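# Structure here, sequence nowhere to be found:
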């Protein structure tokens, strides 16, 4: 396995090594920026009350519904090689606005700022990562994606580890106030801003003209229609399947996460302890994901194939929910979440992004972002509402709710198979 890794590294063409290294660090700083503030976001979800989480996620979905047409309209009017730069600068301004709102406004405003920050984080996390992958799938070809996306993802994993380690270090400041009334947690925003600023700088070297396929298509302007991503998905069998896959994946993941948050809530009432626990999960996930990304991802995608990776995800997600039910312990959460996120970041995400490289250029710029944002958040809303309300309405026991997920897990595997088949993978 180690020899295979060495062979892959030294067999990378010289002309690709510089761009691969830059992409590696580009993703490092993107995820460092996000994971620095992610544990605080998770703690705010617990403090807001799990019964209120579906409502907050519904607001996130509404924001996504508004944001995506705006994004599509803007993409059609700006230089596509500057899309990452412009949107990341916008996110940096948002982060600074939250920081100064937290420290300058009266304390009575802070609960509203905290809830707004939770909602914004959910929007930020999907757009910032999706826009990064847009630049990657437009820069690298499909054959390069299978070879390099695992290594690039590893850069993100190291960034995630760095960000979560920083967050855990600052958890002593979070502990200083159970009500989160001081601005200690929000000091992490400044580190997030620095990381995202470096990512902005690195993004400027990635232009889509490198890809010969894009050279052919470059003469065609991206349509200015703001609703084109929606109409494309409605008419394209490939995009329909991929969209359904996104909804089912996040629905199952969120249903399991709601169960996990309930276990965490019963385990501890100390927000510092919970925040440190969330950060600890990220620190465990990162080395596991790195091992997978450096040593296994490329090998598995090339030998076992993208199709089997997408198919197996349904079985893994159902198994996770089942283990939460039969072993509702804090260690179960630690182990199950670590396995799920390792599979997601190490295999499932690179597999999906490899499929996206086969889409048309306009679909890559608009439809993939719409799927990565709106449909994934839609799945989260469905999963959270079912966990909070649907189980009670249907009169299901906790085990009954778990078994209720079986057909949806099977459908997830089927849509993964169908999507890969339609794209000849």
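Good, I have the coordinates. Remember, predicted model here, so these are calculated numbers, not experimental data.

# and stretch 88-103, which residues are buried?
Within stretch 88-103, the residues scored as buried using 16 or more other Cβ atoms under 10 Å are 88, 91, 92, 94, 95, 98, 99, 101, 102. C-beta: built from backbone N, CA, C; applies to glycine.

# which other residues reach that stretch?
Around stretch 88-103, the neighbours that count as contacts under Cβ atoms under 8 Å, 6 or more residues apart in numbering are 109-110, 113, 116-117, 120, 124, 127-128, 131, 183, 186, 189-190, 192-193, 196-197, 199-200, 203.

# please redo it, this time with the cut-off set to 10 Å
Stretch 88-103 has contacts (Cβ atoms under 10 Å, 6 or more residues apart in numbering) with 30, 33-34, 37, 74, 82, 109-110, 112-114, 116-117, 120-121, 123-124, 127-128, 131-132, 180, 182-183, 185-190, 192-197, 199-201, 203.

# With stretch 415-425 instead?
Contacts for stretch 415-425 (Cβ under 10 Å, 6+ apart): 142, 146, 236-249, 301, 305-314, 348, 351-352, 354-359.

# Which entries within these meet the buried criterion?
142, 146, 236, 238-249, 301, 306-314, 348, 351-352, 354-359.

# which element follows the host helix or strand of residue 265 toward the C-terminus?
Using DSSP states H and E, residue 265 falls within helix 237-267. As assigned by DSSP H and E, the chain's next helix or strand after helix 237-267 is helix 271-292.

# If we go by neighbour counts, what in that next one is buried?
For helix 271-292, burial by neighbour count (16+ other Cβ under 10 Å) applies to 271-272, 274-286, 288-292.

# In terms of secondary structure, what does it contact?
Helix 271-292 makes packing contacts with helix 14-48, helix 142-169, helix 171-175, helix 237-267, helix 330-343 when contacts are defined by 3 or more Cβ pairs under 10 Å, 6 or more residues apart in numbering; DSSP states H and E.

# Relative to residue 392, tell me which of these wins on proximity.
helix 237-267 (13.0 Å; Cβ to Cβ).

# starting at the chain centroid, how far to that closest one?
12 Å (Cα atoms, centre = their mean, to the nearest Å).

# and the direction of it versus that of helix 330-343, what angle?
Angle, helix 237-267 to helix 330-343, by axes from the mean of the first three to the mean of the last three Cα atoms, to 10 degrees: 160 degrees.

# Select from the buried residues of stretch 88-103 every entry located in strands.
Here DSSP state E is the test, and the buried residues of stretch 88-103 give no hits in strands at all.

# Throw these into JSON lines and include pLDDT and distance to residue 325, thanks.
Putting the buried residues of stretch 88-103 into JSON lines (pLDDT from 0 to 100; distance: Cβ to Cβ, whole Å) gives the following:
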{"residue": "88", "pLDDT": "92", "distance to residue 325": "41"}
{"residue": "91", "pLDDT": "92", "distance to residue 325": "38"}
{"residue": "92", "pLDDT": "94", "distance to residue 325": "42"}
{"residue": "94", "pLDDT": "93", "distance to residue 325": "38"}
{"residue": "95", "pLDDT": "92", "distance to residue 325": "38"}
{"residue": "98", "pLDDT": "87", "distance to residue 325": "37"}
{"residue": "99", "pLDDT": "86", "distance to residue 325": "40"}
{"residue": "101", "pLDDT": "85", "distance to residue 325": "41"}
{"residue": "102", "pLDDT": "78", "distance to residue 325": "38"}
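
# Reformat those residues as a markdown table; add distance to residue 400.
A markdown table is the format used below for the buried residues of stretch 88-103 (distance: Cβ to Cβ, whole Å):
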| residue | distance to residue 400 |
| --- | --- |
| 88 | 45 |
| 91 | 42 |
| 92 | 46 |
| 94 | 42 |
| 95 | 43 |
| 98 | 41 |
| 99 | 45 |
| 101 | 44 |
| 102 | 43 |
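
# Just give me the closest of these to residue 68.
residue 91 (15.6 Å).

# By mean pLDDT, flag the weakest helix or strand of the protein.
Least confident helix or strand, the chain: helix 212-217 with a mean of 45, by mean pLDDT, DSSP states H and E.

# just how off-centre is the helix or strand hosting residue 201 within its chain?
Using DSSP H and E, residue 201 falls within helix 188-203. Distance, stretch centre to chain centre, for helix 188-203: 17 Å (Cα atoms, centre = their mean).

# now that helix against helix 14-48, angle please.
Using the same axes, to 10 degrees: helix 188-203 against helix 14-48 is 160 degrees.

# Buried residues in helix 188-203, which are they?
Neighbour-count burial for helix 188-203, with 16+ other Cβ under 10 Å as criterion, is recorded at 188, 189, 191, 192, 193, 195, 196, 198, 199, 200, 202, 203.

# can you give me the helices in the stretch 301-425 of the chain?
With helices called from DSSP state H, counting those that start in this stretch, the stretch 301-425 of the chain shows them at 306-326, 330-343, 349-356, 361-362, 368-370, 376-385, 391-394, 398-404, 406-422.

# need these in CSV with mean pLDDT, can you?
Formatted as CSV, those follow (pLDDT from 0 to 100):
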stretch, mean pLDDT
helix 306-326, 89
helix 330-343, 91
helix 349-356, 78
helix 361-362, 63
helix 368-370, 71
helix 376-385, 84
helix 391-394, 77
helix 398-404, 84
helix 406-422, 88
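
# Low-confidence regions, the stretch 201-350 of the chain specifically.
Applying pLDDT under 70 to the stretch 201-350 of the chain flags residues 208-231, 271-272.

# if you set the cut-off to 50 instead, what comes out?
Low-confidence segments of the stretch 201-350 of the chain (pLDDT under 50): 210-220.

# where's the residue of the chain positioned farthest from its centre relative to residue 190, distance?
In terms of distance from the mean C-alpha position of the chain, residue 106 ranks first, at 33.1 Å (Cα atoms, centre = their mean). Distance, residue 106 to residue 190, by Cβ to Cβ, to the nearest Å: 22 Å.

# thinking again about what came up before, relative to helix 271-292, how tilted is the helix holding residue 265?
Using the same axes, to 10 degrees: helix 237-267 against helix 271-292 is 140 degrees.

# about what we covered before: now for the buried residues of stretch 88-103: which two are most distant?
Greatest spatial distance in the buried residues of stretch 88-103: 88 and 102, 21.3 Å, computed using Cβ to Cβ.

# what angle separates the helix holding residue 201 from helix 142-169?
Using the same axes, to 10 degrees: helix 188-203 against helix 142-169 is 160 degrees.
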